[in-house]
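> For reference, the sequence and a predicted model appear below.
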Amino acid sequence: MLPATTPAATPGGPDAPGRAASSNRDEAALLARVVAREKRAFEELYRIYLPRLSRFIERTVRQTHLVGEIVNDTMLVVWRRAGTFHGGSKVSTWIFAIAYRTALKSLSRGERFADEEPEEGSTQESWPERDLMQAQDRRIVEEALLLLTPPQRAVIELTYFQEYSCREVAEIVACPVDTVKTRLFYARRRLQTLLSARKGDLR
Amino acid sequence: MSATVVDFTKSQHRQSQELLPWFANGTIDPDDRAFVEEHLQGCAVCRADLEWQRDFVREGPGEGAVTLDAGRELARLRLRLDPPWRRLVRGLDGWTRSLRLPSGMQRPGFAIAIALQSLAILVLAGALAWPSSPPAYRTLSAPGPDRAADIVVRFDPAIRETELRAILLASHARILDGPLPGGGYLLSVDPAGRLLALRALRGNSSVRSAEPLWGGEAK
């Protein structure tokens, strides 16, 4: 009996793999219509991916003002190069790979140094004690994530929050599977060190 | 021998550590899952690490600060997908097709060529229609200012060109026309000094006659 060792349920419940497969089929069908230059299909695909892509890009580049531009750059590539998708991977893996490359390119243009101001209105005094603790914890996590590299943040986001398999993450970031495992291992270790140091400072 | 066993154990631990994220998110391969499950039974470090990862997902970074409006972002993207110049080319393409030209002439390049030629014609037509100010220069063959002749003069037939020039300069006169059928020349002079010019001409021995054309004051 090892309750703690039970793998997390696949997102969406026990029949989620089947639903994921049918979702991929739907998206592949949409993409086929995009290849045929159907703008309505492209816009549907855009609306499906906007929330996921914007979250992934924000988590990777950590600069909110770049997110909209990178999402649109990504989807522009999807529109132009839809014909090059041959179904060797999932549609989402293909699109996330484009987003990852676009995000890194955007950072390499020297836009990585903009400072983000804290959100206005997040006055901690008005929050209940429990929320305050959670907010502090989240703030600490956010700060720790900032100290990782964009590729490390990308594998964290893709694995823990977008729930991709290791092979899919490798496809997205264009690295061997072993590199992804190692990258996430060191990213996690660094994150744990940073978090315990930060929490120690606050005590 | 023991070192080999220790290395093997460490390797198993490391492998488990590296696989834990996908064990936690439920996408791990069945073989790897069995391996990790077996390792977890005897490894408190990996169990704690797995718990940490679950906590991280549950309580880690919150939702992103960015909420993009799909309608607005799509409107921005549409402009990039279909910029105005491309719509213009498409419109021209449709227009050339409507002309029912031979198939080789129905390509967008042909439409662009037609558009450029039309533009050039419009520019030229505009330039011609535009009221222009007189040029600041005058070619030798261009007609002079539209001035009426003031005096008709007849010179001595044996007059030399240098002398004729001297007479014209002295009387501030210019030849407008001539020689006429009767041998005379039409001169224009400064309106304020035409009487003086007439007298100067009449006073010169090489001038046979000089008659005013403005009426009166002839004598």
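Sure thing, it's come through.
> Break chain A down into its domains, please.
Per automatic domain parsing, the structural domains of chain A span A:21-109, A:128-203.
> Tell me how far the shortest one lies from the chain's centre.
Between the centre of domain A:128-203 and the centre of its chain there are 11 Å (CA atoms, centre = their mean, to the nearest Å).
> counting contacts, what elements does the helix or strand hosting B:V36 pack onto?
Assessed by DSSP states H and E, B:V36 sits inside helix B:30-42. Secondary-structure packing of helix B:30-42 (3 or more CB pairs under 8 Å, 6 or more residues apart in numbering or on different chains; DSSP states H and E): helix B:2-25, helix B:44-59. Just so you know, the C-beta spots here come from the backbone N, C-alpha and C atoms, and that holds for glycine as well.
> CSV please, covering the domains of chain A and showing mean pLDDT, distance to B:R174 and mean neighbour count.
Output for these, formatted as CSV (pLDDT from 0 to 100; distance: least, CB to CB, whole Å; neighbours: other CB atoms under 10 Å in any protein chain shown):
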stretch, mean pLDDT, distance to B:R174, mean neighbour count
domain A:21-109, 91, 73, 18
domain A:128-203, 86, 86, 17
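> Tabulate these in CSV, adding columns for distance to B:A44.
Below are those laid out as CSV (distance: least, CB to CB, whole Å):
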stretch, distance to B:A44
domain A:21-109, 31
domain A:128-203, 16
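> so which of those domains comes closest to B:L176?
B:L176 lies closest to domain A:21-109 among the domains of chain A, at 73.8 Å (CB to CB).
> Is any residue of that closest one near chain B?
Yes. Judged by CB under 8 Å from any CB of the partner chain, domain A:21-109 and chain B are in contact via A:39, A:43, A:46-47, A:50, A:54-55, A:58-59, A:64, A:67-68, A:71-72, A:75-76, A:79.
> Surely A:M75 is in contact with B:R78?
No. Under the contact definition of CB atoms under 8 Å, A:M75 does not touch B:R78, with a separation of 11.0 Å.
> Spatially nearest residue to B:V153 (excluding sequence neighbours)?
Excluding the flanking residues, the one nearest B:V153 by CB to CB, 6 or more residues apart in numbering or on different chains is B:A210, at 4.6 Å.
> what's the one you found in contact with, if anything?
By CB atoms under 8 Å, 6 or more residues apart in numbering or on different chains, B:A210 lies in contact with B:151-154, B:198, B:201-202.
> from these, which would you call buried?
The neighbour count (16 or more other CB atoms under 10 Å in any protein chain shown) marks B:151-154, B:198, B:201 as buried among the contacts of B:A210.
> what number of residues lie near the nearest residue to B:W214 once chain neighbours are set aside?
Among residues not flanking B:W214 along the chain, B:D150 sits closest, at 6.2 Å (CB to CB, 6+ apart). Using other CB atoms under 10 Å in any protein chain shown, B:D150 has 22 neighbouring residues.
> And the pLDDT at B:D150?
We note a pLDDT of 87 for B:D150 in this prediction.
> correct me, but it touches B:E211?
No. Judged on CB under 8 Å, B:D150 makes no contact with B:E211 at a distance of 10.2 Å.
> Fine by me, we can end here.
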